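> build me a structure from this.
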Amino acid sequence: MTPMPAVLGKTTLFRQALMALGGAAFIAVATQISVPFFPIPMTLQTLAILIIGLTFGARLGTATLLTYLGYGAMGLPVFASGMNGLAFFGPTAGFLFGFVMMAGLAGLAAERGIAKGVASTAAVTLVLSALLYIPGIAWPMAVASLTGVEAGWVGQDIGYYWAYFTAPFLIGDAVKAILAALIVTGAWKALKARQS
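Numbering: from 1, shown residues only. As a prediction, this is how the structure comes out:
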């Protein structure tokens, strides 16, 4: 699979900046879309992040996610439930920083040819979705208290984080990971057919 910058040919810094700004806006919109699901409604946030990573590549994907976090830091309501930079001190801050890793690694997998067809791309997106829980849970479990954050969600036992930070999201995250793989591989196939 070829990341978007390779498809577009040589891109200028200005064009890359526009792609990062647009990609961050795409993620912000997807984050606000809530789809009825079991056991809880799901947003399309990680679906958008995986698509950006797989199509933009490691560097531009990472830059796009940093831009997205920058939008929130500027006070724009781009995070889940219309949150802004205050989310950097909330219970889900670890996931926000994990999104940068997710996009970068998805882009790297695409660049290195690890994410090629539907099956390998789905495997990559599923693994990355699982890895996202590491910074997501590390923040409330230990890191937040080290930075001076005090709240009821800080420093709880692993059962608490499983029940509130992990289990309700597993099925939805798996569905979004597979959807991202299907969308991106389908788009590349259509693009190649059009070019030939």
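> give me the low-pLDDT residue ranges for this protein?
Confidence mapping of the chain against pLDDT under 70 gives the ranges 1-3, 5-9, 196.
> and the nearest residue to residue 93 once chain neighbours are set aside, how many neighbours?
Nearest in space to residue 93, with sequence neighbours left out and distances taken as C-beta to C-beta, 6 or more residues apart in numbering, is residue 139 at 5.1 Å. Backbone N, C-alpha and C define where each C-beta goes, glycine included. Residue 139 is flanked by 27 other residues according to other C-beta atoms under 10 Å.
> same question for the one 10 residues further on.
Neighbours of residue 149 under the rule other C-beta under 10 Å: 17.
> quick check, it in contact with residue 89.
Yes - look at residue 149 against residue 89 with C-beta atoms under 8 Å: they come within range, at 5.9 Å.
> show me what contacts the nearest residue to residue 178 once chain neighbours are set aside?
Once flanking residues are discounted, residue 178 sits nearest to residue 122: 5.2 Å by C-beta to C-beta, 6+ apart. By C-beta atoms under 8 Å, 6 or more residues apart in numbering, the contact set of residue 122 is 177-178, 181-182.
> wait, which of these is closest to residue 194?
Nearest to residue 194 among the contacts of residue 122 is residue 182, at 18.4 Å by C-beta to C-beta.
> measure the closest one to residue 109 for me?
Here the distance between residue 182 and residue 109 works out to 16 Å (C-beta to C-beta, to the nearest Å).
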